[in-house]
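Student: build me a structure from this.
(one chain, ligands or ions: 2)
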Amino acid sequence: MKKRMYYWVDEKYIDKPIISEAILKTKIMVNILMAKIMPQESFLIIELNGNKNQINEALDILEHYGEIEDIPKIIERKDDKCIDCGACVIHCPVKAISQDKEYNVIFDDKECIGCKNCVKICPVKAIDVFDIY
Ligand code: SF4
Ligand code: SF4
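Tutor: Ligands and ions are numbered 1, 2, ... in the order given. Below you'll find the model as predicted:
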């Protein structure tokens, strides 16, 4: 199974190899989708891949060093504006947007990480992504 989340590292643990610890102790696969690391702040969007026990154990480790938040529904397409041009599909870094056999564009909320690439590229401003960080 797969779990995506936002993760804020406590200031006092910023120099600790937390992700490595989670990987070594649980053998979980971790995909870092976005990272904003500064001297006083560390924010990541991460994806855990493993079985339920591995994910729960990894969450315990991560929560020990910081704060976890589930990724909420953040993307909305205005169907009356979208012309199914497909530009957003190729600019999405996590494949949250796809096209079906009829070339209709489909958005997958569960995969979206809120990067706003699709908003910037859409020629008819058909996409809203709500601010999350
Ligand atoms: S904001 Fe748009 S481009 Fe970014 S992950 Fe979500 S759907 Fe993909
Ligand atoms: S870029 Fe805009 S108009 Fe083109 S498919 Fe995506 S949402 Fe629709």
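
Student: drop to CA atoms for contacts and neighbour counts, all remaining ones
Tutor: Noted.

Student: what does this protein have sitting close to ligand 2?
Tutor: Residues of the chain found near ligand 2 (C-alpha under 6 Å from any ligand atom) are 82-88, 105, 122-124, 126-127.

Student: and for residue 120, the neighbour number?
Tutor: For residue 120, the neighbour count with other C-alpha atoms under 10 Å is 13.

Student: circling back: by neighbours, which of the residues of the chain next to ligand 2 wins?
Tutor: When neighbours are counted by other C-alpha under 10 Å, residue 88 leads these with 24 neighbours.

Student: so it, which state does it fall into?
Tutor: Under DSSP: H, G, I helix; E, B strand; the rest coil, residue 88 falls in the helix class.

Student: list the buried residues in the one helix or strand in the chain whose mean pLDDT sits lowest.
Tutor: Lowest by mean pLDDT, DSSP states H and E among the helices and strands of the chain is strand 75-77, with a mean of 84. Judged by neighbour count using 16 or more other C-alpha atoms under 10 Å, the buried positions of strand 75-77 are 75, 77.
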